[in-house]
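Participant: Provided below for reference: sequence and predicted model.
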Amino acid sequence: MNWLALHLPALALEVYSRALPPDRAPAPAAGRRSYPPLAGADARAALAADGPDTAVTADLPASAQPQPLAVSEHDRIIACNAAAARLGIVPALSAAAARALSAQLRILPRRPAAERAALSRLATWAYGFSDQVSLAPPAALVLEAGRSLKLFGGAVALRRRVLDGVAGLGWQARCVLAPTPAAALVLAAAGEAAQLNVRAGTDANETAGAGAGIVADHAALRRRLALLPVAALDFTAAQLDDLQRMGIGRVGELLRLPRAGLAERLGSDRLQQLECLLGERPDPRRAHVPPTRFRATLELPAEVPDAPALAFACRRLIDELAAVLYARQAGVQHLHWRFHHADGPPTPLVLGSAAPARDPQHWLALLRERLDRLRLAAPVRAISVSSERLRPLAPADTELFPQDIGGATPDPALLDRLRARLGWTAVQGLAAVADHRPERAWRLGEPSLAPAGPRRGAPPAAGRGRAAREQPAQAQETVVPGAATGARRDRPLWLLAAPVALSLRDGRPWLDGPLDLGAGCERIDTGWWDDCPVARDYYAARTIAGERLWIYRELRGAGGWFLHGIFGDDPAAGDGD
């Protein structure tokens, strides 16, 4: 078996800094994005930049530098960004000494809960590469990759794809493939120092593989571990002092000691740890259980007063959501956003989709529409997003011989954009109601995403082969879910909100001229059981200009003629299609 370990060396800092574009980016490759150094208000403005192919264009002075950031715990610096390091800020420095070095330094408290949540979400994302993923707190995870190598094109391609995916989510990571999970975690945590040590090895092929973060077999693993300092192992300070007095500084020197004496001096637990590293003892790992809902919070390194300027930080969360949904082969239909302020309740925002979706560009486009019109009560300090229960999102089925039933499938993305721009209730669907009264034969509801039915006059689409020949004729008719069956052609497309009274001249209804009532009428006399009885004779009338109208004569009360609807086509012309 092969195990892939991911170690996030800057997790404590990146729970804050990933809300900002990178401090400095190398020369961009084709199709990749680069960011100039940003500081102060420029950094907040950069939060609004989004899209993989959109460059940040800001007129900055040559001396502009990104804001120095550091994370502290127990009044000690534990992590800092490159801008802070250039000012002499280093881990283990006291917070007071760090502030003395730079007045611009921003020191943020460590958020262990945010780190655990981020690691959990990254483990859920890793299910896109393996069905066996385990957490290794505080800043690592490991997954079984042996059964995925062929699928992803080999160890090198798999490792590159994992690293690219993690970087796309805004995390720095070290990635190592090794024969055992414990060894992969130790080597990933050792980082660049371990790779430099391996390059001093004896085998050129092994050196190339190790330099790429891949340990091919148990023999190479033993040589790789032998070059590590014993401090790379999870030993206590007292045990490390004991080993130092014995003159042991490398793991290889430790492995040459007799096992019995090693267990007596360090304890059986440490001996079992070494055996797990080498693959001589089983090393079972508790599997990570993905949550049924997505929840994430992103702390901002600086307060943001404008809603559109939150787009970049929100994109980080959307990309993370999309990665989790892709790994779970799922989608979500609603996202609940909360923009937290220093004082007062958070500002809520709900995004909805007509169908479960996981495309990050789709969700980002909807969010940008809403952010442009969102009013914030105060500057934002943190962003959180949560989803409903994840819904399975299977690939759409396709037919070997596609059939054109004369209709079109509605575009859910267009519906979502209209609702994001105009409001959720501004775009509604129509559903049929079993009632003969025209004004009560429909209701507003959720727009239907079912394909439109066949054209009027078009024969129902038939299947192929024996199944089509044996299928009853009535079973071959296309029925649209949610649509009324037995739809009449003498019903207008446009029904007026309220009937309009028509004048009467020479005993005939009049509208810009006399109306031709045609050959017959349809009587609707119903509703006697409720408060809205009707008794009407409906006619498909035609004006002198050729327009077709739906009018009726009231049979009760004062009587009279009324215009109730307008036809959109001529049924005679439709039959000729």
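Facilitator: Cool, got the structure. Values in this document were obtained by computation on a predicted structure and should not be read as measured data. Numbers count the residues shown, from 1 in each chain.

Participant: domain assignment for the chain?
Facilitator: The record's domain split for the chain, according to automatic domain parsing, is 293-392, 494-575.

Participant: looking only at pLDDT, what's the mean for the last one?
Facilitator: Looking back up the chat, that one is domain 494-575. The predicted model gives domain 494-575 an average pLDDT of 87.

Participant: got it, and the longest one?
Facilitator: Per-residue confidence for domain 293-392 averages out to 90 on the pLDDT scale.

Participant: quick one on the thing from earlier: most tightly surrounded among the domains of the chain?
Facilitator: Highest mean neighbour count among the domains of the chain (mean count of other CB atoms under 10 Å): domain 293-392, with a mean of 18. Every C-beta, even on glycine, is put in place using the N, C-alpha and C of the backbone.

Participant: Need the distance between the two termini of that domain.
Facilitator: End-to-end distance of domain 293-392 (CA to CA, to the nearest Å): 12 Å.

Participant: With stretch 228-236 instead?
Facilitator: Termini of stretch 228-236 sit 16 Å apart (CA to CA).

Participant: residues of that stretch that come out buried?
Facilitator: Neighbour counts over stretch 228-236 (16 or more other CB atoms under 10 Å) mark 228, 230, 232-233, 235 as buried.

Participant: wait, what's in contact with the nearest residue to R328 once chain neighbours are set aside?
Facilitator: Excluding the flanking residues, the one nearest R328 by CB to CB, 6 or more residues apart in numbering is L390, at 5.8 Å. Neighbouring residues of L390 by CB atoms under 8 Å, 6 or more residues apart in numbering: 292-294, 325, 328, 330-332.

Participant: re the thing from before, take the domains of the chain and write them to a markdown table, including distance to P258.
Facilitator: Conversion of the domains of the chain to a markdown table gives the following (distance: least, CB to CB, whole Å):
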| stretch | distance to P258 |
| --- | --- |
| domain 293-392 | 46 |
| domain 494-575 | 93 |
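
Participant: so which of the ones you listed comes closest to A140?
Facilitator: In terms of CB to CB, the element of the domains of the chain nearest to A140 is domain 293-392, at 17.9 Å.

Participant: secondary structure class for the spatially closest residue to P356 that is not a sequence neighbour?
Facilitator: Residue nearest to P356 in three dimensions, not counting chain neighbours: G331, with 3.3 Å by CB to CB, 6+ apart. Under DSSP: H, G, I helix; E, B strand; the rest coil, the three-state class of G331 is strand.

Participant: and G331, what are its bridge partners?
Facilitator: R391 (DSSP bridges).

Participant: And the one 5 residues further on, by the same measure?
Facilitator: Beta-bridge partners for H336, by DSSP bridges, are V350, S386.

Participant: Tell me, what's the model's pLDDT at D404?
Facilitator: pLDDT recorded at D404 is 57.

Participant: just the one 5 residues further on next, same as before
Facilitator: In the predicted model, T409 carries a pLDDT score of 61.

Participant: Which of the contacts of L390 sits closest to F339?
Facilitator: Nearest member of those to F339, counting by CB to CB, is F294, at 17.4 Å.

Participant: which element is that closest one on?
Facilitator: strand 293-304 (DSSP states H and E).

Participant: Now the element after that strand, going C-ward?
Facilitator: That would be, after strand 293-304 and using DSSP H and E, helix 311-328.

Participant: Could you dump the contacts of L390 into TSV and include distance to L105?
Facilitator: Listed next are the contacts of L390 as TSV, based on distance: CB to CB, whole Å:
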residue	distance to L105
T292	41
R293	37
F294	34
L325	38
R328	40
A330	42
G331	43
V332	39
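
Participant: For R508, state which of those residues is nearest.
Facilitator: Distances from R508 to the contacts of L390, taken by CB to CB, are shortest for G331, at 58.1 Å.

Participant: if we can go back for a sec, for the buried residues of stretch 228-236, which one is nearest W125?
Facilitator: Closest to W125, out of all of the buried residues of stretch 228-236 and judged by CB to CB, is A232, at 26.8 Å.

Participant: so that closest one sits right up against A188, yeah?
Facilitator: No: the criterion here is CB atoms under 8 Å, and A232 misses it with A188 at 10.6 Å.

Participant: coming back round to it: ramachandran coordinates for the residue nearest to R328?
Facilitator: phi -60, psi 140 (degrees, to the nearest 10).

Participant: Could you check how far it is from P291?
Facilitator: L390 is 8 Å from P291, where distance means CB to CB, to the nearest Å.

Participant: try G560
Facilitator: G560 is 64 Å from P291, by CB to CB.
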